[in-house]
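> Give me a model of this one.
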Amino acid sequence: MSTQVHYKIGKKMLDSEIELSERILNEIRLAYPEISEYRDPHHQAEIKEIFQTLIKFIGKYVQDPVNTLLDEAKDWGESVGIMSVQAGGSLENALSNMTLYKRALWTFIQEEGAKEGIHLNQLTEIFIHIDEIFNIIVYGFSHAFTVATEQKIQDTRTSFIRLSIPIVPLFEGLAVLPLVGEIDELRASILIEETLQKSKNLSINKLIIDFSGVYNLDQTVVHTLDLLIRSLKLIGITPIITGLRPELSLQFISTGVSLTDIQITGSIEQILQDFQLNK
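Next up, the predicted model:
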């Protein structure tokens, strides 16, 4: 490996960052002639600015392949990935474009190598270094998309949970919250927020919390539901529990949560009968 050759090619890249950024953009325009954004002057200027930063990283790494530069490149790749996510870009298209970037760079290196009489093996060594820093940048870039995808999944799940917390009005001032399925920590925390808000909006003074569709509660969820019951009382809403199976009652007791001051009945029908009699 010739350090002098590496330094020379790296410097050529740094000195030609504007030309190289234009070459990369041309490759993209040829690959996507139907996309008008690549012909828009303002958009072109933004893209070329990103390419110039990319070329600076590559040129410096070719000159001196140090790990600190790789860390900077990864962080930069992640920041560009975040911008791409915010602009609605896709990871698949972005990764496909990397091939176009490399093609433009390889053509440039071959041309400069021919001018300087540099052997192909030496140019290949240089391109291996370029591939290394590209891989690091792609890792940072892909990580941004992964984080964004995970966040979208989380947001979708949260939205679904919010929609799955129906408070059904039965009579004026009386409604029921039917709990169905497994209640994990996320669902339990959203349950409190949504229930308090919806109950307030519906002007409820009594809320039936029906556990008929719940088969298991862990300690965290039990305490969260206890907090829900206490919070309802604090805003003037009387909680009434129905459908609580013996095994669920034991789970409440085993965690130290007391339900002695809460009205508990076997079924919603019983509450409705009492409510109509007391009207």
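> quick one: low-confidence parts of the stretch 101-250 of the chain?
161-164 (pLDDT under 70).
> All the strands of it, residue numbers only.
168-171, 174-180, 206-213, 238-242 (DSSP state E, counting those that start in this stretch).
> And the residue nearest the centre of this protein?
Gln151 (2.3 Å; C-alpha atoms, centre = their mean).
> Who are the contact partners of that one?
Applying C-beta atoms under 8 Å, 6 or more residues apart in numbering to Gln151 gives no contacts. For every residue, glycine as well, the C-beta is placed using N, CA and C.
> Relative to Glu78, how far out is it?
With distances taken as C-beta to C-beta, to the nearest Å, Gln151 is found 14 Å from Glu78.
> what's the answer for Ile271, then?
For Ile271, the distance to Glu78 equals 55 Å [C-beta to C-beta].
> Equivalent analysis for His223, please.
37 Å.
> between these two, which one's more packed in?
Shown here are His223 and Glu78; by other C-beta atoms under 10 Å, Glu78 has more neighbours (19 against 16).
> Confirm for me that that one is in contact with Gly140.
Yes. Glu78 is within contact range of Gly140, at 3.8 Å (criterion: C-beta atoms under 8 Å).
> Which helix or which strand is home to Lys12?
Per DSSP states H and E: Lys12 is located in helix 3-15.
> Buried residues, that helix. List them.
Across helix 3-15, burial judged by 16 or more other C-beta atoms under 10 Å covers 5-6, 8-10, 12-14.
> do stretch 138-148 as well
Buried residues in stretch 138-148 (16+ other C-beta under 10 Å): 138, 140-142, 144-145, 148.
> CA atoms only for it, dumped as CSV, please.
Output of stretch 138-148 as CSV, limited to C-alpha atoms (Å, rounded to 0.1, in the frame of the first residue of the first chain):
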residue,chain,number,x,y,z
VAL,A,138,-24.9,3.6,5.4
TYR,A,139,-25.0,2.1,8.9
GLY,A,140,-25.8,5.5,10.4
PHE,A,141,-28.2,6.3,7.7
SER,A,142,-30.0,3.0,8.0
HIS,A,143,-30.1,3.3,11.8
ALA,A,144,-32.1,6.6,11.4
PHE,A,145,-34.7,4.8,9.3
THR,A,146,-34.8,1.9,11.8
VAL,A,147,-35.5,4.3,14.7
ALA,A,148,-38.1,6.1,12.6
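> for Ile50, what are its contacts?
Val80.
> Please apply the same query to the one 4 residues further on.
In this structure, Leu54 makes contact with 101, 137, judged by C-beta under 8 Å, 6+ apart.
> ok, so what distance separates it from Lys152?
27 Å.
> what does Thr107 give?
38 Å.
> can you check Arg39 too?
For Arg39 relative to Lys152 (C-beta to C-beta), the value is 31 Å.
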